[in-house]
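> structure, please.
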Amino acid sequence: MVHPVAEANEKSPFGSLTPAEFYARHSVSHSSEYITNSRGLKLFTQSWIPLPPAEVIGTVAIVHGYTGESSWFVQLTAVLFAESGFACCAIDHQGHGFSDGLVYHIPDINPVVDDCVSFFDSFRDRYAPSLPSFLYAESLGGAIALLITLRRGASSRPYNGVVLSGAMCGISEKFKPPWPLEHFLSIAAAVVPTWQVVPTRGSIPDVSFKVEWKRKLAVASPKRRVSRPRAATAQELLRVCRELQSRFAEIDVPLLIVHGGEDVLCDPACVEKLYQHASSEDKTIRIFPGMWHQLVGEPDENVELVFGEIVEWLTTRAARAASGRGGDVGA
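Next comes the predicted model:
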C-alpha cells in the first residue's frame, strides 16, 4: 500500500484534491473536534476511521513531535493506517497546531502526557474498546509515548504495542545548543522561561526532511512557526531525555523502533540503548542507513520500505492480540 504522501505536493498534503476528495479517495472518514482539558485549554483533536465495508482491526493513537501537529504530514500517516484497518486519532499538544497555549512552549511534559492519556482512552472507549490498541509516535512524541506506557495507575490502560519513529530518547550533540549555553539553561528557564533564546545547529525542517519539496511542504503549514526553542522548554526536553534513559528497563510494551541512521536531531545511539535495556519480550529495531529524522520526508522508495514494515508490524500484532497471543515474541 502506497503511503499517501506520494499524492502530496509542496503546497498541500492533499495535492490537487480537496480534503473531502482526498479522504473519499482513500475510503476513510475524517472528523475533528475541540476538547477542553483540566487546565482550561482548548485542544484540537482528529480521527480517521476506515469506511465500511472495511473491518476495523484495532486503534492507533498518533503522537506528534516538537513543532509538529496532528494535521499536515501526520494526517497522511493516519490515513495510511486507517486504510490498513485501524481507527486512528491524534491530538495537538498545547501550543501546537490548532490548540491553545503559547507557541511551542512545554515547560512541563506531564500535563501533555495527561492530555494524551485522557483523550486516547476516551477514543478507545468510543470506537473500539475491545480491539487491540497501539501508539505511533514521532520525535518528541516518542518520549511522550514512552511516558504514557510508564503510567501504572488504575486508570491507565495498557497498549498492545508502540511504534517509535525518530524517537527523542536523547538529543543529538550535532543539534544541541553549544557549550556553555546548555549549562546555563536552568538560570534562563527560571528567570525568563518563555525566552526564545536557545540556539540550535540548523533549523528543524532543514535537518529533518531529506526531499526538498517535502521540506517546503513542512514549512508551508499555516500553523508552523520558525523560532528558537524557549528556555524552559529546552530545559524540559533535556530533562525528559535523562528521565527516560534512567527508566529504559521499565519499558515492557511490545516495541518497534524505526530511526534514520543519519538523524542529527534525535540521537540513534539512544534508541539503540532503549532497545538493549527495555524489558519488552517483543522488540524490534530498524536503524536505516543514510535516512534522516523525518522518515516520511525520505524519497518514495525509502518511505515505502519504512512504512511497509510499520504497517506489517501493526497488523501482525493486532492479529496476535485478537487471537489471545498478544504476548508472543516475534521479529
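
> and the strands in the stretch 201-331 of the chain?
Ranges of strands in the stretch 201-331 of the chain, per DSSP state E, counting those that start in this stretch, are 255-260, 283-288.

> ranking those by burial, who's on top?
Mean neighbour count (mean count of other CB atoms under 10 Å) peaks for strand 255-260 among these, with a mean of 25. Glycine gets a C-beta too; all of them are placed from N, C-alpha and C.

> from the chain's centroid, how far away is it?
Distance of strand 255-260 from the chain centroid (CA atoms, centre = their mean, to the nearest Å) equals 12 Å.

> I'd like to know which elements it is packed against.
Judged by 3 or more CB pairs under 8 Å, 6 or more residues apart in numbering; DSSP states H and E, strand 255-260 is in contact with strand 161-165, helix 268-277, strand 283-288, helix 300-322.

> sheet partners, orientation included, of the shortest one?
Applying DSSP bridges to the sheet, strand 161-165 is found paired with strand 133-138 (parallel), strand 255-260 (parallel).

> OK, contacts around residue 249?
Contact partners of residue 249, counting by CB atoms under 8 Å, 6 or more residues apart in numbering, are 277-279.

> again, but for residue 45
32-35, 70, 89-92, 119.

> just the ones of those in strands?
32-35, 89-91 (DSSP state E).

> so, low pLDDT: which residues of this protein?
The model of the chain has pLDDT under 70 over residues 152-156, 174-202, 226-227, 325-331.

> hmm, try it at 50
Scanning the chain for pLDDT under 50 picks out 199, 201, 326-331.

> so of the helices and strands packed on strand 255-260, which one's packed in deepest?
Most buried of these, by mean neighbour count (mean count of other CB under 10 Å): strand 161-165, with a mean of 26.

> that strand to helix 300-322, inter-axis angle?
Interaxial angle of strand 161-165 relative to helix 300-322 (axes from the mean of the first three to the mean of the last three CA atoms, to 10 degrees): 170 degrees.

> now the phi/psi pair for the closest residue in space to residue 278 that isn't next to it in sequence, please.
What sits nearest to residue 278 in space, not counting adjacent residues and going by CB to CB, 6 or more residues apart in numbering, is residue 251, at 4.2 Å. Backbone torsions of residue 251, given as degrees, to the nearest 10, read phi -80, psi 120.

> what sits against residue 251?
The contact partners of residue 251, by CB under 8 Å, 6+ apart, come to 146, 149-150, 274, 277-280.

> mind checking which of the contacts of residue 45 are buried?
With burial judged by 16 or more other CB atoms under 10 Å, the buried subset of the contacts of residue 45 is 70, 89-92, 119.

> residue 94 is in contact with residue 43, isn't it?
Yes. In this structure residue 94 lies within contact range of residue 43 using CB atoms under 8 Å: 6.9 Å.

> shared neighbours, the two?
Going by CB under 8 Å, 6+ apart, residues that sit against residue 94 and also against residue 43 are 37, 100, 115.

> show me what contacts the first one?
I take that to be residue 37. 43, 94, 111, 114-115, 118.

> from those residues, which land in helices?
Those of these mapping onto helices are 111, 114-115, 118, per DSSP state H.

> who wins for neighbours among those?
Neighbour counts for the ones in helices among the contacts of residue 37, by other CB atoms under 10 Å, peak at residue 115, which reaches 23 neighbours.

> so what's that one closest to, chain neighbours aside?
Spatially, and ignoring its direct neighbours in sequence, residue 115 is nearest to residue 37 (5.2 Å; CB to CB, 6+ apart).

> list the contacts of the helix or strand residue 147 falls within.
Following DSSP states H and E, one finds residue 147 within helix 140-149. Residues outside helix 140-149 that contact it (CB under 8 Å, 6+ apart) are 62-66, 68, 93, 109-110, 112-113, 116-117, 120, 135, 137, 156, 158-159, 162, 164-169, 237, 240-241, 244, 251, 253, 266, 274.

> hang on, residue 275 packs against residue 259?
No. Counting by CB under 8 Å, residue 275 stays clear of residue 259, with 9.7 Å between them.

> export the contacts of residue 37 to TSV and tack on distance to residue 24?
Below are the contacts of residue 37 laid out as TSV (distance: CB to CB, whole Å):
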residue	distance to residue 24
43	27
94	32
111	37
114	35
115	31
118	31
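
> touching, residue 6 and residue 300? I think so.
Yes. Residue 6 lies in contact with residue 300 (CB under 8 Å); the separation is 6.0 Å.

> what sits in contact with each of the two?
Counting by CB under 8 Å, 6+ apart, no residue touches both residue 6 and residue 300.

> looking at the strands paired with strand 161-165, spot the one closest to residue 324.
strand 133-138 (15.5 Å; CB to CB).

> out of the contacts of residue 249, who's nearest residue 306?
Using CB to CB, those come closest to residue 306 at residue 278, 20.5 Å.

> how about that closest one, what does it touch?
248-249, 251-252, 255.

> separation between the nearest residue to residue 311 once chain neighbours are set aside and residue 108?
Counting by CB to CB, 6+ apart, residue 84 is the residue found nearest to residue 311 once chain neighbours are left out, at 5.0 Å. Distance, residue 84 to residue 108, by CB to CB, to the nearest Å: 35 Å.
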